[in-house]
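Q: need a structure here:
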Amino acid sequence: MKLSRQEVENKFQMLPSSTQDPGMDESPQESPQLLLKKFLEAFWKLWAQMKLVASFIMTDLGGYQLLDNLLQWSVRNPHTAICIAAAFLVFLLPFLIMLGIGLSTLLMTLTGFLFLEGVLLTMVAMLLSGCLGAIFLMVVFLKQLRRTG
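A: Down below sits the predicted model:
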């Protein structure tokens with residue numbers, strides 16, 4: 001399943017263009033939409049390039065033949081293949097455990113920070129609104145005293 005250069009060029013032409021629609025205004029409300037559009041466009045181009053590289057590796061560099069030879073060898077030597085697969089998984093297990101611990105720690109730290117930040121911002125907002133409300137009431141009260149006095 002080798003992709004020809006024409007197919008790749010056609011796929012790149014089918015991707016959404018980076019030019020902006022004439023009807024779109026660059027107002028601050030639409031800038032996140034424009035940013036998302038550019039991000040998705042870059043993602044699709046990267047995805048197409050990755051598919052092209054994978055196709056090149058599997059067809060031109062002999063990836064399919066390597067996998068076929070590996071499977072044939074595994075069928076001829078099942079005990080050795082199982083031992084190699086088990087050794088690979090045992091070797092990979094500590095890295096997966098450390099990756100899981102690191103990602104869970106990162107996730108807990110970020111969510112904890114967000115909760116703490118949310119609580120602090122709520123307290124500061126309540127104090128600020130209380131102070132501004134008290135100043136507003138004092139201004140209204142003093143104006144009423146000047147009118148009556």
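Q: please enumerate the helices of this structure.
A: 5-14, 31-59, 63-76, 78-148 (DSSP state H).
Q: just put the ones you listed in a markdown table and tack on mean neighbour count.
A: All C-beta spots, glycine's among them, are computed from the backbone N, C-alpha and C. Formatted as a markdown table, these follow (neighbours: other CB atoms under 10 Å):
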| stretch | mean neighbour count |
| --- | --- |
| helix 5-14 | 11 |
| helix 31-59 | 12 |
| helix 63-76 | 11 |
| helix 78-148 | 10 |
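Q: can those helices go into CSV with extra columns for mean pLDDT?
A: CSV is the format used below for these (pLDDT from 0 to 100):
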stretch, mean pLDDT
helix 5-14, 63
helix 31-59, 91
helix 63-76, 93
helix 78-148, 90
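Q: export stretch 112-120 as PDB, just CAs?
A: What follows is stretch 112-120, C-alpha atoms only, in PDB (Å, rounded to 0.1, in the frame of the first residue of the first chain):
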ATOM      1  CA  GLY A 112      -4.500  20.300  43.600                       C
ATOM      2  CA  PHE A 113      -3.000  23.600  42.500                       C
ATOM      3  CA  LEU A 114      -6.200  24.400  40.600                       C
ATOM      4  CA  PHE A 115      -8.300  23.600  43.700                       C
ATOM      5  CA  LEU A 116      -6.000  25.700  45.900                       C
ATOM      6  CA  GLU A 117      -5.900  28.500  43.400                       C
ATOM      7  CA  GLY A 118      -9.700  28.400  43.100                       C
ATOM      8  CA  VAL A 119     -10.200  28.600  46.900                       C
ATOM      9  CA  LEU A 120      -7.700  31.500  47.200                       C
END
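Q: could you give the separation of it from the chain centroid?
A: Computed by CA atoms, centre = their mean, to the nearest Å, the chain-centroid distance of stretch 112-120 equals 22 Å.
Q: cool, and stretch 105-116?
A: 17 Å.
Q: what do you get for stretch 85-95?
A: Its chain's C-alpha centre and that of stretch 85-95 lie 28 Å apart, by CA atoms, centre = their mean.
Q: also stretch 125-138?
A: 40 Å.
Q: ok, stretch 40-55 next?
A: A distance of 16 Å separates the centroid of the chain from that of stretch 40-55, by CA atoms, centre = their mean.
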